[in-house]
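Engineer: coords below, sequence missing:
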């Protein structure tokens, strides 16, 4: 299992308070906390280091390339606008343990070592930013590249998703609401029972959920098709053989840099993507609670398609934790549901392909006041109600009770 340790980076100071600071990156990983607590920071670091591990495993670069002084800080963390999160003096610690490579940033330097921790699923990685609503009004990825590289990449994948659509897609919001794509004019439409409008004319909720679901569907489906043609995941022995071939090409003095690039590119084609890592900021953005449930059921269904898929989310929504609890409870019951009557009742609550095994879920709560992180406890696999978001709901009830006391005293 992949894991990460973070200290003294941006708003995160002491970091995770258990397991010597190691946070597990499970099949479903959720980060909650106030603004400025570091939720997106952790998600972006996971995105960055899983991408570097992928690039190294596939042979796009060698370890020395990434280990160059300030390469991580001044190039790869700029993708997520994290280059200014390092403290002065730089005592940041970022330690990533993967299946193929381990990476440690400490004392201003990045050190990479081979991991070979079992089989490796080569991932398709997507970072879905919170400002995705902007996509509805921008059709050219180049127009966004300087503003937000991750948003630019998402625009590209959304266009690819539109091109791949064979029929309108039913959205898990409202009733009988679809998104359809006009390939000739490159326009997305929202279609209901008695209306059809452009996505640019739709509500902010549609402008948030449509890019999220389209890209998630398209990439999970693409990886599933590639995985169907893959014989097996990459074993430690296979990765070692690949590294030797990579070194032979890279160290060959008779090859020009261009020939090396071509040879390494051909070598990299032997790898098939067998996992989709979907990292989503605020999936609930601009959505009504029932729509949040439908959205989450879709994301978890996409996540369950392949064994190696992972869903990482940041959120401010207490509803998502409650819906994740339902997904875990449903997983514990689904194999026992056999009669048609119970099947229908079960499906009305949650589709069976959207359930979550209790061992596959972890929720971390970040504290903006002291820069610490704790893991949300669970009871028999079900997430605890004792979390920051539910505490805020309880506090609002207490404040109302205090107002009633004042009313009685008048």
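Structural biologist: Received it, and whenever you're ready, just let me know what you need. Model, not experiment: these values are computed from the prediction. Numbers count the residues shown, from 1 in each chain.

Engineer: Residues in contact with stretch 42-52: which ones?
Structural biologist: 2, 4, 6, 9, 12, 23, 25, 31, 66, 72, 76-77, 79-80, 82, 94, 96, 98, 101, 103, 123, 125, 127, 277, 279, 281, 312-314, 364, 366, 373 (Cβ atoms under 8 Å, 6 or more residues apart in numbering). Yep, even glycine has a C-beta here, placed from its N, CA and C like the rest.

Engineer: Now, those that are in strands?
Structural biologist: Among the contacts of stretch 42-52, DSSP state E puts 4, 6, 23, 31, 94, 96, 101, 103, 123, 125, 127, 277, 279, 281, 312-314, 364, 366, 373 in strands.

Engineer: Where does the prediction get shaky in the protein?
Structural biologist: 117-118, 136-147, 229-239, 241, 264-271, 379-397, 400, 403, 406, 410 (pLDDT under 70).

Engineer: which residues touch the residue most central in space within it?
Structural biologist: With distances taken as Cα atoms, centre = their mean, residue 279 lies nearest the centre of the chain, 1.3 Å away. Residue 279 is in contact with 43, 46-47, 125-128, 312-313, counting by Cβ under 8 Å, 6+ apart.

Engineer: make it 6 Å
Structural biologist: 43, 47, 127, 312 (Cβ atoms under 6 Å, 6 or more residues apart in numbering).

Engineer: Same question for residue 286.
Structural biologist: Counting by Cβ under 6 Å, 6+ apart, residue 286 touches 204-205, 208.

Engineer: any idea where the strands of the stretch 51-200 of the chain begin and end?
Structural biologist: 93-97, 101-106, 109-114, 123-128, 169-170, 178-182, 187-191, 196-198 (DSSP state E, counting those that start in this stretch).

Engineer: How about the stretch 251-400 of the chain?
Structural biologist: Under DSSP E, counting those that start in this stretch, the stretch 251-400 of the chain gives strands at 275-281, 310-315, 361-367, 372-375, 378-379, 382-383.

Engineer: Now tabulate those in TSV and tack on distance to residue 150.
Structural biologist: Formatted as TSV, these follow (distance: least, Cβ to Cβ, whole Å):
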stretch	distance to residue 150
strand 275-281	9
strand 310-315	14
strand 361-367	21
strand 372-375	23
strand 378-379	31
strand 382-383	28
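
Engineer: Apart from its chain neighbours, what residue comes closest to the residue nearest to the centre of the chain?
Structural biologist: Spatial nearest neighbour of residue 279, excluding adjacent residues (Cβ to Cβ, 6 or more residues apart in numbering): residue 312 at 4.4 Å.

Engineer: Surely that neighbour is in contact with residue 29?
Structural biologist: Yes: Residue 312 lies in contact with residue 29 (Cβ atoms under 6 Å); the separation is 4.7 Å.

Engineer: Give me the phi and psi angles of residue 69.
Structural biologist: phi -50, psi 130 (degrees, to the nearest 10).

Engineer: Can you get me a residue count around the closest residue to it other than its chain neighbours?
Structural biologist: Distances taken as Cβ to Cβ, 6+ apart place residue 109 nearest to residue 69, at 7.3 Å, with adjacent residues excluded. Burial of residue 109 is recorded as 13 neighbouring residues (other Cβ atoms under 10 Å).

Engineer: For residue 219, see how far away residue 109 is.
Structural biologist: Applying Cβ to Cβ, to the nearest Å, the value for residue 109 to residue 219 is 34 Å.

Engineer: how close does the residue nearest to residue 311 when sequence neighbours are not counted get to residue 23?
Structural biologist: Counting by Cβ to Cβ, 6+ apart, residue 303 is the residue found nearest to residue 311 once chain neighbours are left out, at 4.3 Å. Distance, residue 303 to residue 23, using Cβ to Cβ: 19 Å.

Engineer: Equivalent analysis for residue 217, please.
Structural biologist: On the measure of Cβ to Cβ, residue 217 and residue 23 end up 28 Å apart.

Engineer: Same check on residue 56?
Structural biologist: Counting by Cβ to Cβ - residue 56 and residue 23 are separated by 22 Å.

Engineer: same deal with residue 87?
Structural biologist: 20 Å.

Engineer: domain assignment for the chain?
Structural biologist: 3-121+308-401, 136-221 (automatic domain parsing).

Engineer: wait, which of the ones you listed is closest to residue 297?
Structural biologist: Smallest distance to residue 297 across those (Cβ to Cβ): 4.1 Å, for domain 3-121+308-401.

Engineer: got the end-to-end distance for that closest one?
Structural biologist: 43 Å (Cα to Cα, to the nearest Å).

Engineer: Run the chain-centre distance for it.
Structural biologist: 8 Å (Cα atoms, centre = their mean, to the nearest Å).

Engineer: so how far is residue 8 from residue 72?
Structural biologist: From residue 72 to residue 8 the distance is 15 Å (Cβ to Cβ).

Engineer: just to revisit the earlier point, surely the residue nearest to residue 311 meets residue 309?
Structural biologist: Yes: Residue 303 is in contact with residue 309 according to Cβ under 6 Å; the separation is 4.8 Å.

Engineer: more neighbours, the two?
Structural biologist: For residue 303 versus residue 309, neighbours defined as other Cβ under 10 Å are more numerous around residue 309 (25 against 22).

Engineer: Report the contact partners of that one.
Structural biologist: 275-276, 303.
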